[in-house]
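# From the sequence below, what's the structure:
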Amino acid sequence: MKKRRLWALLGLFVAVGAAFLLLSFRLAVSDTRSEKSIGTTGMGNQMPDAMRRRDKITIAVVGEGPWARAIKRALTSEMDQAELGDVQEALDLQQSYQNPVVLVKMDKRSLFWTPFFATSTFEIHVGFASSGDTGLLGDTPITVDNRNGPVLVMSGEYKFADRSWGLMSRPGYHHFLAEYVARQIVASLKDLYAAP
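From the prediction side, this is the model:
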């Protein structure tokens, strides 16, 4: 009888542990802060055609793992709601795309998570090019070519810090952070698309 209870207790412990690592849920209070530094460059006296048409926009997230997947999903959803264009996710990073591109690079990430408390700090670099050029977040200076019409380029650095208390799974915490990041990025893009 004692062994049966021990096995049942062990099974329950494993199931609860697996739920916190595999399922996405969050019942928590958070203090999330962000800072951003954004620079834009435009050439031409009107908005680029690809942005005016709001036809397609490509998202390229540099990175792998659950954090990068969460960012990509949240950014796709947020951009769909903002109606900036038909969102296409890049499978592999290319040098350029046929339509505007948003390039996201994750940098300097520190995350501590428990089921009852989590804290994180991280930086994200974001680039946008109406011409589809992904070289804008490279190590070389940005070059803008307007031979094919007006061009608009944005480069931004976002710094985030979060402290959360409550009941949360690790995927739920990633999802919460990714949604917050996506809202910040899309707010900057909406401002860019609204500019004359």
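
# what about the residue lying closest to P48 once chain neighbours are set aside, neighbour count?
In space, and not counting its chain neighbours, P48 is closest to S130: 4.0 Å by CB to CB, 6 or more residues apart in numbering. (Glycine included, C-beta is placed from N, CA and C.) As a burial measure, S130 scores 28 neighbours (other CB atoms under 10 Å).

# Likewise for G135?
For G135, the count of nearby residues is 15 (other CB under 10 Å).

# For the remainder of this discussion, apply numbering that starts at 320.
With 320 as the first residue, the last one maps to G454.

# Tell me who's in contact with the nearest residue to it once chain neighbours are set aside.
Leaving out its chain neighbours, the residue that sits closest to G454 by CB to CB, 6+ apart is Q414, at 6.7 Å. In this structure, Q414 makes contact with 452-454, judged by CB atoms under 8 Å, 6 or more residues apart in numbering.

# low-confidence ranges in this protein?
Judged by pLDDT under 70, the chain has its weakly predicted residues at 331, 335-340, 369, 371-372, 455-468, 514-515.

# So for the host helix or strand of V445, what gets flagged as buried?
Using DSSP states H and E, V445 maps to strand 436-448. Neighbour-count burial for strand 436-448, counted by 16 or more other CB atoms under 10 Å, picks out 437-439, 441, 443-448.

# Run through the strands of this structure in chain order.
For the chain, strands defined by DSSP state E occupy the ranges 345-362, 375-381, 405-408, 420-432, 436-448, 470-487.
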